[in-house]
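Chemist: Sequence and predicted structure, then a few things I'm wondering about:
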Amino acid sequence: MEQNKTIKNPIPSAITRKGKVLIFSAPSGSGKSTLINQLIASGLQLHFSISATSRQPRGSEQDGVEYYFISPEEFRKRIAAGEFLEYEEVYKDKYYGTLKSEVDRNLDLGRNIICDIDVLGARNIKKYYQDQSLSIFIQPPSIEALRQRLENRGTESPEAIDQRLERAEFEISFAPEFDVTIINDNLEKARQEVLSVVKAFLQK
Ligand code: ADP
Ligand code: 5GP
């Protein structure tokens with residue numbers, strides 16, 4: 001980052017240091033949320049960046065924890081007000097977006113953040129934050145395993161599961177664009193791989 005050379009008494013870099021951005025993407029059902037939650041629990045002081053969405057909460061999800069759940073009208077208003085760093089219609093009529101306020105507040109405090117985001121949003125966020133970010137794609141061992149996991153999770157209707165599986169091939173085709181791809185077959189092995197690449201990146 002360019003330094004202002006005219007500043008005589010700069011604030012110590014530990015205070016001015018911007019946080020880093022961890023970008024996680026995966027087809028729905030790959031185990032991304034499971035791995036992110038394990039990473040957050042590992043004690044690395046990572047902050048989950050809460051996105052806004054117009055989809056309904058599922059299972060035990062709470063407003064302001066997993067997402068800010070807002071109506072499609074409210075979502076459109078916020079798009080018009082320029083409040084999103086990026087947003088996508090990931091599934092038909094289901095909007096998801098990263099709020100500038102959410103990201104800036106944490107990065108300015110030097111916090112490292114986790115963005116759970118679809119492949120198109122990941123591409124945009126990576127372009128924006130470049131080397132300040134690490135993009136990780138969580139890949140399922142197969143499409144059949146995805147179906148099985150989504151059915152076992154039991155949070156989506158059969159139609160919603162089909163919609164998610166239909167998008168999976170498209171999402172997997174983006175894997176080569178990511179800095180790292182981790183196959184989540186054995187959960188414990190994937191957990192260790194995620195922890196290892198994230199630690200190495202944060203130490204850089
Ligand atoms: P995503 O956030 O990618 O949609 P989740 O983390 O919700 O996926 O995982 C989907 C389901 O698969 C959950 O029920 C989770 O417990 C299960 N799961 C995660 N990883 C594995 C794995 N390696 N093997 C089997 N089931 C898994
Ligand atoms: P889910 O409905 O399973 O929580 O999320 C569906 C998809 O939307 C996932 O791929 C998830 O990563 C993505 N997603 C969540 N938040 C955002 C966001 O802020 N922006 C974009 N572009 N995608 C998001």
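Modeler: Cool, the structure landed. Residues are numbered from 1 along each chain as shown. Ligands and ions are numbered 1, 2, ... in the order given.

Chemist: how near is residue 183 to ligand 2?
Modeler: Applying C-beta to the nearest ligand atom, to the nearest Å, the value for residue 183 to ligand 2 is 17 Å. Where C-beta positions appear, they are placed from N, C-alpha and C, glycine not excepted.

Chemist: who touches that residue in this structure?
Modeler: Neighbouring residues of residue 183 by C-beta atoms under 8 Å, 6 or more residues apart in numbering: 139-141, 190.

Chemist: mind redoing it with 7 Å?
Modeler: 139, 141 (C-beta atoms under 7 Å, 6 or more residues apart in numbering).

Chemist: and if you look at residue 100?
Modeler: 83-85.

Chemist: one more time with 6 Å
Modeler: Under the criterion of C-beta atoms under 6 Å, 6 or more residues apart in numbering, the contact list for residue 100 reads residue 85.

Chemist: swap in residue 180?
Modeler: 136, 197.

Chemist: beta partners of it?
Modeler: residue 136 (DSSP bridges).

Chemist: Report the separation between it and ligand 1.
Modeler: For residue 180 relative to ligand 1 (C-beta to the nearest ligand atom), the value is 16 Å.

Chemist: what residues does this protein put near ligand 2?
Modeler: Taking C-beta under 6 Å from any ligand atom as the measure of proximity, the chain contacts ligand 2 at 25, 28, 51, 55, 86, 88, 90, 96-98, 116-118, 121.

Chemist: Low-confidence ranges, this protein, go.
Modeler: Across the chain, residues meeting the criterion (pLDDT under 70) sit at 1-17.

Chemist: so who does the closest residue to ligand 2 within it touch?
Modeler: As assessed by C-beta to the nearest ligand atom, ligand 2 sits closest to residue 121 within the chain, at 2.5 Å. Shown here is residue 121, whose contacts under the criterion C-beta under 6 Å, 6+ apart are 86, 88.

Chemist: next one: phi and psi at the residue nearest in space to the middle of the chain?
Modeler: Residue closest to the mean C-alpha point of the chain, counted by C-alpha atoms, centre = their mean, is residue 116 at 1.5 Å. Torsion angles at residue 116 (phi, psi; degrees, to the nearest 10) stand at phi -100, psi 110.

Chemist: before we move on, what about the one 5 residues further on?
Modeler: Recorded main-chain torsions at residue 121 are phi -60, psi -40, according to degrees, to the nearest 10.

Chemist: Run through the strands of the chain in chain order.
Modeler: Secondary structure of the chain (DSSP state E): strands at 21-25, 46-48, 51-53, 67-69, 84-91, 94-99, 112-116, 133-139, 180-183.

Chemist: Point out the most buried one among the ones you listed.
Modeler: For the strands of the chain, the largest average neighbour count (mean count of other C-beta atoms under 10 Å) is found in strand 21-25, namely a mean of 25.

Chemist: now the helices for the chain?
Modeler: Secondary structure of the chain, counting by DSSP state H: helices at 13-16, 32-40, 72-80, 100-108, 119-129, 143-153, 158-172, 187-203.

Chemist: Adding distance to residue 60, write those out as TSV.
Modeler: Shown next, in TSV, are those (distance: least, C-beta to C-beta, whole Å):
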stretch	distance to residue 60
helix 13-16	38
helix 32-40	12
helix 72-80	23
helix 100-108	21
helix 119-129	24
helix 143-153	12
helix 158-172	17
helix 187-203	20
